[in-house]
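**Student:** With the input below, show me the fold.
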Amino acid sequence: MDYGPRPEDSRFILNAVLDAPVRLGALAPFAEADEALQAQVLEEAARFVAEAVAPSNRGGDEIGCRFAAGEVTTPPGFREAYQALVDGGWPSLSAAPEDGGQGLPTVLEAVLYEWLSAANHGFTMAPGLLHGAYACLKHHGSDELKARYLSKIARGEWLATMCLTEAHAGSDLGQVRTRAVPQADGSLRVSGGKIFISGGEHDLTPNIVHLVLCRLPDAPAGPKGLSLVLAPKVLLDGTRNAVHCERIEEKMGLHGSPTCVMRFDEAAGWLVGEPGRGLAAMFVMMNAARLHVALQGVGLLDAAWQKADAYAAERRQMRAPGALPATRGTEAADLIAEHPAVRRILNTQRAWVEAGRTLAYRTALMLDVATHDADAKARDRAQRWCSLVTPVLKAACTQQAFHGASECLQVFGGHGYVREWGIEQIVRDARVTMIYEGTNEIQAIDLLVRKVLPDAGAAMSAVLLELRDTLDASREADADVQRRLAQLRYLGTTIAMAAHANPVLPYEVADDYLRVVMLTLMAWAWARIDAAEASDAERAARAGPAAAFRRWVLPEFEMRLGIVKRACEAVAMSHDAAKTPAASS
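**Tutor:** Numbering: from 1, shown residues only. Take a look at the predicted model:
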């Protein structure tokens, strides 16, 4: 079965849980983007994804991309699907009208890319970087570069890449060696090699805009010496630039997306932003990509759940413990959906989808608030949320996409391990999301070491207090979440104190700390879902996942909290022991 978006689920989160129409209506650019318009956009997006994109998913995996003589051919149906994407105006959904965009809220684009990723992850890798490239060029590009490239990128007429990684450097961008030599006409000549470049070469668009991290001749060593250069595949006069694809990687999954090894041989390029400020410009693109990767995690897990849920509703096997004989009729076996072990798997994954979706959509809303709210304090609060929560979502949602998809495969038994049902493709495709755009370990370090500890947890504490104030302590579930929010605030202080004695400690517990944060945020999300105004059918549909979250997911909070606290206590004991001999002497 192909993935099918369910707009009613997303509308419930947006409208009933997050009050998105009211929040967006208060922002000047979206005053006319009311609930009815948002619903219409989502309905059309769901239809487009189901009809134009999802059918090519299996062929994209089985046939994959083909490489020959420096050229890449995408799988059958991809070119037609991409042209339909452009013709429908979907790449330009949230781009500014003056750049050829539709000027709609970022959260609608977030929903679209969640569905696209669920329907055909390999295909979605192609347009997935457009928003980040657009934002990077809009914020940091010269007027001349914007005039040449911005509208083409905004509308998806030309696709873009993010050329960071080099074979010897990996995630350590400070070791980048690609060089850019200034020319008399103001351009640069870029030389060097890049690996793992998604969409570095393809046949979807006539031009590809490469954003390349490199060094100017007088640049200092390390990350502060990096600059960002735009080097297109095809120059404005129609000649081919000296940008070459040497091969495409043979990957575990994502066969529909060409992952390219690129070579720049004195390719013509132009500086984006200031010399030596390339990482600052690139991070605009990377942060947008990280939220999209979190949404990939949500979408892929939803796709896996849909397959497993449909299979469980038709497959019969054995007698289910606790099933009522009166409901069995003449069947010799019960549906596996009635077996407690299968219900646990399905409801647990659904609990992650609902909570992850709530948090990702809220983050997309906050991006618009950070850009458009008239109140400077509101913009600051929104930016603080995005800065702290984006790495959490990227890491946690992608980890669950892989492990949760593997659990969904388990529902199929042996049938899940063969290609016929398509669930094994989701497991393979989802695995890379834990790696790219910064591995999940890097996300955890970014959160704790770079964002929480420098101000001793003050920014994180402010975010948690804001969440506390949205809850009603008279409700038992809300009061429980408030208690966990307080524990998380105190945990940040505990780690900060222990880090003074052992600076390595935060790097050791960063993954556990991120997990505690995610579980706390999920508890908040489910408290808001439970409190939202809903029909009887909506409540019934979420009763199982809500119970699964409390029984099977949330208890991990205490475990992770205990791991971090014990690590901090061990540091304190070691520090005290080291001081004791000196004091007694």
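**Student:** ok, now which ones touch the residue nearest to residue 309 when sequence neighbours are not counted?
**Tutor:** In space, and not counting its chain neighbours, residue 309 is closest to residue 346: 5.6 Å by Cβ to Cβ, 6 or more residues apart in numbering. Quick note: C-beta positions are derived from backbone N, CA and C, even for glycine. Under the criterion of Cβ atoms under 8 Å, 6 or more residues apart in numbering, the contact list for residue 346 reads 305, 308, 309, 312, 337, 408, 411, 544.
**Student:** Let's have the residues you listed in JSON lines, adding secondary structure and distance to residue 61.
**Tutor:** As requested, the contacts of residue 346 are arranged in JSON lines below (DSSP: H, G, I helix; E, B strand; the rest coil; distance: Cβ to Cβ, whole Å):
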{"residue": "305", "secondary structure": "helix", "distance to residue 61": "19"}
{"residue": "308", "secondary structure": "helix", "distance to residue 61": "18"}
{"residue": "309", "secondary structure": "helix", "distance to residue 61": "21"}
{"residue": "312", "secondary structure": "helix", "distance to residue 61": "23"}
{"residue": "337", "secondary structure": "helix", "distance to residue 61": "27"}
{"residue": "408", "secondary structure": "helix", "distance to residue 61": "17"}
{"residue": "411", "secondary structure": "helix", "distance to residue 61": "20"}
{"residue": "544", "secondary structure": "helix", "distance to residue 61": "31"}
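**Student:** Which strand residues bridge residue 193?
**Tutor:** Residue 193 has these beta-bridge partners by DSSP bridges: residue 263.
**Student:** so it sits right up against residue 262, yeah?
**Tutor:** Yes: look at residue 193 against residue 262 with Cβ atoms under 8 Å: they come within range, at 6.7 Å.
**Student:** okay, these two: which has more neighbours?
**Tutor:** residue 262 (24 against 18; other Cβ atoms under 10 Å).
**Student:** Residue 212 versus the more buried one, what's the distance?
**Tutor:** To residue 212, residue 262 is 9 Å away according to Cβ to Cβ, to the nearest Å.
**Student:** cool, residue 523 as well?
**Tutor:** As defined by Cβ to Cβ, residue 523 lies at a distance of 42 Å from residue 212.
**Student:** With residue 456 instead?
**Tutor:** Counting by Cβ to Cβ - residue 456 and residue 212 are separated by 38 Å.
**Student:** How about residue 180?
**Tutor:** Taking Cβ to Cβ, one finds residue 180 at 8 Å from residue 212.
**Student:** Need the residues touching each of these two.
**Tutor:** 190, 229, 269.
**Student:** and those residues as TSV, adding pLDDT, distance to residue 357 and secondary structure?
**Tutor:** Shown next, in TSV, are the shared contacts of residue 180 and residue 212 (pLDDT from 0 to 100; distance: Cβ to Cβ, whole Å; DSSP: H, G, I helix; E, B strand; the rest coil):
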residue	pLDDT	distance to residue 357	secondary structure
190	98	40	strand
229	97	37	strand
269	98	39	strand
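**Student:** Show the pLDDT at the residue nearest to residue 309.
**Tutor:** Listed pLDDT for residue 346 reads 98.
**Student:** wait, is it part of a helix?
**Tutor:** Yes: Residue 346 sits within a helix when classified using DSSP: H, G, I helix; E, B strand; the rest coil.
**Student:** Spit out the contact partners of the closest residue to residue 498 other than its chain neighbours.
**Tutor:** Leaving aside its chain neighbours, residue 498 sits nearest to residue 568 (4.0 Å; criterion: Cβ to Cβ, 6+ apart). Taking Cβ under 8 Å, 6+ apart, we find residue 568 in contact with 494, 495, 497, 498, 505, 509.
**Student:** how far away is the residue nearest to residue 309 from residue 404?
**Tutor:** Taken as Cβ to Cβ, the span from residue 346 to residue 404 is 10 Å.
**Student:** who touches both of the two?
**Tutor:** With contacts taken as Cβ under 8 Å, 6+ apart, residue 346 and residue 404 have residue 305 as neighbours in common.
**Student:** Assign residue 268 to helix, strand or coil.
**Tutor:** Applying three-state DSSP: residue 268 is strand.
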